[in-house]
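Mind folding the following:
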Amino acid sequence: MFLFAIATLLSDSTEGSEHGNENSKPYALIFGTVFDPEGHTLYAVKVKIRGANEKKARWELYSNHTGEFAQRVPPGPADYIVWADVKGYRLPDGKRVQSGPEVKVHIDGDERSDIGLHLTW
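I've put the predicted structure just below:
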């Protein structure tokens, strides 16, 4: 009986966390992958994100071991510009790459937007 009471108390206290935190704010997610000119994913590439009407990057992050990155942004509507900053970046074989074109991302609400950043020679 005692164990049943403990189990009931524990399940009641964790129930709120299983169904989400009422204090959590909604967000959108920009999720992307960085590719070299041959289509391979790249690790440790600096990625910058700014609002479309801003001049400087608001967020800086790096691609992970699978070439992926993710950044939470406020829910839209909003437009963002995403690009790779490859200053000083070299491939494992020593070759240098250049930033590809910037990618414009439109966010309508609290959704996920998937993009690819394609670097050039």
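
The residue nearest in space to the middle of the chain: what's it in contact with?
By Cα atoms, centre = their mean, the mean C-alpha position of the chain lies nearest to A70, the distance being 1.0 Å. By Cβ atoms under 8 Å, 6 or more residues apart in numbering, the contact list for A70 reads L29, I30, F31, G32. Quick note: C-beta positions are derived from backbone N, CA and C, even for glycine.

Check T66 too.
Each residue near T66 by Cβ under 8 Å, 6+ apart is listed here: T33, T41, Y43.

Closest one to K56 out of those, please.
The shortest approach to K56 among the contacts of T66 belongs to T33, at 24.2 Å (Cβ to Cβ).

Hmm, T41 is touching F69, no?
No: T41 is beyond contact range of F69, at 10.8 Å (criterion: Cβ atoms under 8 Å).

hey, what's in contact with both of these two?
Counting by Cβ under 8 Å, 6+ apart, the residues touching both T41 and F69 are T33, V34, S63.

can I get those residues in CSV with neighbour count?
Formatted as CSV, the shared contacts of T41 and F69 follow (neighbours: other Cβ atoms under 10 Å):
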residue, neighbour count
T33, 17
V34, 27
S63, 21
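
Tell me which of these fall in strands.
T33, V34 (DSSP state E).

S113: which of the shared contacts of T41 and F69 is nearest?
Nearest to S113, judged by Cβ to Cβ, of these is T33 at 12.6 Å.

Adding pLDDT and distance to P77 as columns, could you present the shared contacts of T41 and F69 in JSON lines?
Formatted as JSON lines, the shared contacts of T41 and F69 follow (pLDDT from 0 to 100; distance: Cβ to Cβ, whole Å):
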{"residue": "T33", "pLDDT": "98", "distance to P77": "25"}
{"residue": "V34", "pLDDT": "98", "distance to P77": "26"}
{"residue": "S63", "pLDDT": "98", "distance to P77": "27"}
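
This completes my enquiry, with thanks.
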